[in-house]
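Participant: Need the 3D shape of this:
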Amino acid sequence: MSLSNKQKKFIEKNWKKYSTEKFVKEFNLDKSEVEEYLIKLKEAHKPAPKIFYVILILIPILFFILLEVGLRLFNYGYNLDQWVEVTPTSLALNPEIGKRYFYTTQTIPESIQDIFDKEKSPNSFRVFVLGGSSAAGYPYMPLGSFSRYIRQRLEHTYPQTKIEVINIGLTAVNSFTIRDFIPGVIEQKPDLVIIYAGHNEYYGALGVGSMESLGKSRSFINMVLYLNKYKITQLVRDFISWFSTQIASDTESKTGTLMSRMAMDQEIILNSEIYELGIEQFDGNISECLEMLGKTNVNVIIGTLVSNLSDQPPFISKTVADLPSANEVFSKAKNSLNNGLIEEADSLFRYAKDLDLLRFRAPEKINKIISSFVGRYNIPVVNLDSVFSKYDPVGIIGDNLMTDHLHPTLEGYLLMGKSFYNAMVEKKYLPGDSPSITNLDKQDSITVADYRFSKLDSVIADYKIKQLKNDWPFINRQNKLSNEKLLMPKTYIDSLAYQYLTDKKAWLDIQREAASYYLKTDQINLFIKQMKVLTHQYPVLYELNNSAANNLLQRGFTDEAFYFVSRRYKLSPDAFSSKWFGIILLSKGSYTDAMNYLEESLRYNSKDEQVLYNLAGAYSQIKKYNTALEKVKLALLIKPDYEAAIHLKSQLEKVVK
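Facilitator: Now for the predicted structure:
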């Protein structure tokens, strides 16, 4: 008799617990039938081969690998590599690197475009500077940052060393970006890393109070940043961004500063949960940066933060959480200052800043954390807050060294550069060569006197500050003025600055136009200064040196032209630079050196009659008249009507006879 359905179900339910004999006895069944059914059950429940599970795991992995390869083959998305080639031998921070950190904001910040050699040369001294807009030098970018002071002072003091100071500071970023940058910085073999950051910890990209926040978990955010190198991550980000635009209105303001658009949680109460998260975020990320740098024996200097205390009222003031209002404390600070109670006023101004619900200025707790790094990681901390206070007439940081709430004036940036440089001297974080100038005060005065910064740069900075203060949180957005009413350019240089800030012309173009204007109006000193600005900012645009030198030579400014000739020759010798190096040395009586440069120029261009003529002159000066005659004849073969060469040939023929 075959098994009934009820019997089969019982066996199916208990076949792992009961023996065959148990089933036979329980239902008085035929043993062979039970055994046959149990065999079928065991076959049906036989575990799959291990390879089956391996394949199950490999299928999604293979899918994602193929998807990643496909996205790369079709060049999907953006190149988010940290470094990009500027020339075959030089690198710079990727202009699109900001897309790693800004997911929804349309405006992406760029660095000040410092370049460095792809392969570090043996005589190079390489410094990286990291931070936000203050590190980048706002509003004096690209030339006014403290890193440019350090670079120029090193260049003056160690002329035999190849100086590379690479500023990769970005506007509206915080410690997440710095932590993400550090591994790539270490790969470039820095001799020193300088960090100035902390003001953007709440509203900067990925900060706890930012529009670009990815949540409150620091580990999760850093993991996402690590995954940014994969195109799949970009695909997911793009989908989320697209989906967000479909379900929400475009709320991002198209005007105003980037930071003013980044503030999502505009009111962050002192000692609140989100306030403490920002503190922990900064401490955790910067600590990990210092640990990475320490493991690779990279020298590092970090600075405390400066902000406008006495002349910047709180942005948002309310009485909350049993705390006094920021305005109330700020008013008390003003009264104490007026009564000459400086220490009390300073303390109250700092408390008012911390009570300000809009955290555009770092709280005092950030500076305490920075100061603690001395003991925790045995690194030098430059107390910039104290330095700035000492330079203020009353000892409290205000408008004399600050352009706004937290960005220094140009004088302030130079002071920052000097302070960091002093720490470099103290810790001996300097090139190995002997300094050409040993007196520290003289180094500083030469650097400041020769600082690369023009009138146009100054106007641009003034206009930027006007635009900044013509927007929230300085004023109500309803009261904003148009650029035409706000800026009102009066001079030609003003008009160039206006065109740049209204996105009509690029920075390089307006700087060139300013140089042309100075040349046309015979303002030679201003032309020279303008061209020094350009050649300093764009060392790989070699023709800028040639153009400056050629214009000066045509007007008889030989000594002034020599600066650009020698700079071009040092960067990349060519026919022009070696030719004029030789001609100028010849005019100074350095005949042997002149001949070497002129002969080198001929190797670049053997058909330059002017080089041959000057070579003939050089050889005649050392009484090698036959060689001189050969050279002048070659010059006349190229240009038979060359009057000076005809005259020299006539004189040489008389001597040779």
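
Participant: Can you report phi and psi for Leu91?
Facilitator: Backbone torsions for Leu91, taken as degrees, to the nearest 10, come to phi -130, psi 160.

Participant: Can you tell me which residue is spatially central in this structure?
Facilitator: Per C-alpha atoms, centre = their mean, the C-alpha nearest to the average position across the chain is that of Ile168, at 1.8 Å.

Participant: correct me, but that residue touches Leu93?
Facilitator: Yes: counting by C-beta atoms under 8 Å, Ile168 touches Leu93, with 4.7 Å between them. All C-beta spots, glycine's among them, are computed from the backbone N, C-alpha and C.

Participant: which residues are in contact with both of the two?
Facilitator: Ser111, Asp114 (C-beta atoms under 8 Å, 6 or more residues apart in numbering).

Participant: can you confirm Gln511 is in a helix?
Facilitator: Yes: checked against DSSP: H, G, I helix; E, B strand; the rest coil, Gln511 lies within a helix.

Participant: Apart from its neighbours in sequence, what residue is nearest it?
Facilitator: Leaving aside its chain neighbours, Gln511 sits nearest to Leu534 (5.4 Å; criterion: C-beta to C-beta, 6 or more residues apart in numbering).

Participant: got a pLDDT number for the one you found?
Facilitator: Per-residue confidence (pLDDT) for Leu534: 96.

Participant: Measure how buried it is and give me the count.
Facilitator: The tally of other residues near Leu534 (other C-beta atoms under 10 Å) stands at 22.

Participant: The one 3 residues further on now?
Facilitator: Neighbours of Gln537 under the rule other C-beta under 10 Å: 20.

Participant: For it, what are phi and psi?
Facilitator: Phi and psi for Gln537, reported as degrees, to the nearest 10, are phi -80, psi -30.

Participant: what's near enough to touch it?
Facilitator: Gln113, Pro142, Leu143, Arg452, Gln511.

Participant: Please identify which pair of those lies farthest apart.
Facilitator: Gln113 and Arg452 (14.1 Å; C-beta to C-beta).

Participant: For the residue nearest to Gln511, give me its contacts.
Facilitator: Leu508, Gln511, Arg512, Ala515, Leu541, Leu544.

Participant: could you say which helix or strand contains it?
Facilitator: helix 524-537 (DSSP states H and E).

Participant: buried sites along that helix?
Facilitator: Buried residues in helix 524-537, counted by 16 or more other C-beta atoms under 10 Å: Leu526, Phe527, Ile528, Lys529, Gln530, Met531, Lys532, Val533, Leu534, Thr535, His536, Gln537.

Participant: ditto for stretch 576-596
Facilitator: 576-586, 591, 594-596.

Participant: Need the max-distance pair from the residues you listed.
Facilitator: Spanning the widest gap among these are Phe576 and Tyr591, at 20.9 Å by C-beta to C-beta.

Participant: Does Ala635 touch Tyr642 like I think?
Facilitator: Yes: contact criterion C-beta under 8 Å: Ala635 and Tyr642 qualify, at 6.0 Å.

Participant: Counting neighbours, go ahead and name the busier of these two.
Facilitator: Applying other C-beta under 10 Å to Ala635 and Tyr642 shows that Ala635 carries more neighbours, namely 25 against 19.

Participant: check contacts around the residue lying closest to Ala333 once chain neighbours are set aside.
Facilitator: Nearest-residue entry for Ala333: Leu348, 3.5 Å, with adjacent residues in sequence omitted and distances by C-beta to C-beta, 6+ apart. Contact analysis of Leu348 by C-beta under 8 Å, 6+ apart lists Val329, Phe330, Lys332, Ala333, Ser336.

Participant: picking that back up, which element follows the helix holding Leu534 toward the C-terminus?
Facilitator: With secondary structure assigned by DSSP H and E, helix 524-537 is succeeded by helix 543-554.

Participant: C-terminal to that following helix, what's the next element?
Facilitator: helix 558-571.

Participant: Can you name every helix or strand that that following helix contacts?
Facilitator: Counting contacts by 3 or more C-beta pairs under 8 Å, 6 or more residues apart in numbering; DSSP states H and E, helix 558-571 is packed against helix 524-537, helix 543-554, helix 575-587.

Participant: angle of the first one against helix 558-571?
Facilitator: Taking axes from the mean of the first three to the mean of the last three C-alpha atoms, to 10 degrees, one finds that helix 524-537 is oriented at 10 degrees with respect to helix 558-571.

Participant: Would you mind listing the residues in contact with Leu309?
Facilitator: Asp346, Phe349, Arg350, Lys353, Ile396, Ile397, Gly398 are the contacts of Leu309 under C-beta under 8 Å, 6+ apart.

Participant: excluding its backbone neighbours, what's nearest it?
Facilitator: Nearest non-adjacent residue to Leu309 (C-beta to C-beta, 6+ apart): Phe349, at 4.0 Å.

Participant: how close does the one you found get to Asn327?
Facilitator: Distance from Phe349 to Asn327, counting by C-beta to C-beta, to the nearest Å: 12 Å.

Participant: now the host helix or strand of Asp444: mean pLDDT?
Facilitator: Taking DSSP H and E as the definition, Asp444 sits inside helix 440-449. The average pLDDT for helix 440-449 rounds to 97.

Participant: quick one: buried residues of it?
Facilitator: Gln443, Asp444, Ile446, Thr447.

Participant: do the same with stretch 51-60
Facilitator: Applying 16+ other C-beta under 10 Å to stretch 51-60 flags no residue as buried.

Participant: what's the answer for stretch 186-200, then?
Facilitator: So stretch 186-200, judged by 16+ other C-beta under 10 Å, has buried residues 186, 188, 190-200.

Participant: In this protein, which strand is the longest?
Facilitator: strand 124-131 (DSSP state E).

Participant: which outside residues touch that one?
Facilitator: Defining contact as C-beta under 8 Å, 6+ apart, one finds that strand 124-131 is touched by 116-117, 120, 135, 145-147, 150-151, 154, 158, 161-169, 178, 181-182, 185, 188-197, 430-431.

Participant: Now do the strands in the stretch 201-350 of the chain.
Facilitator: 299-303 (DSSP state E, counting those that start in this stretch).
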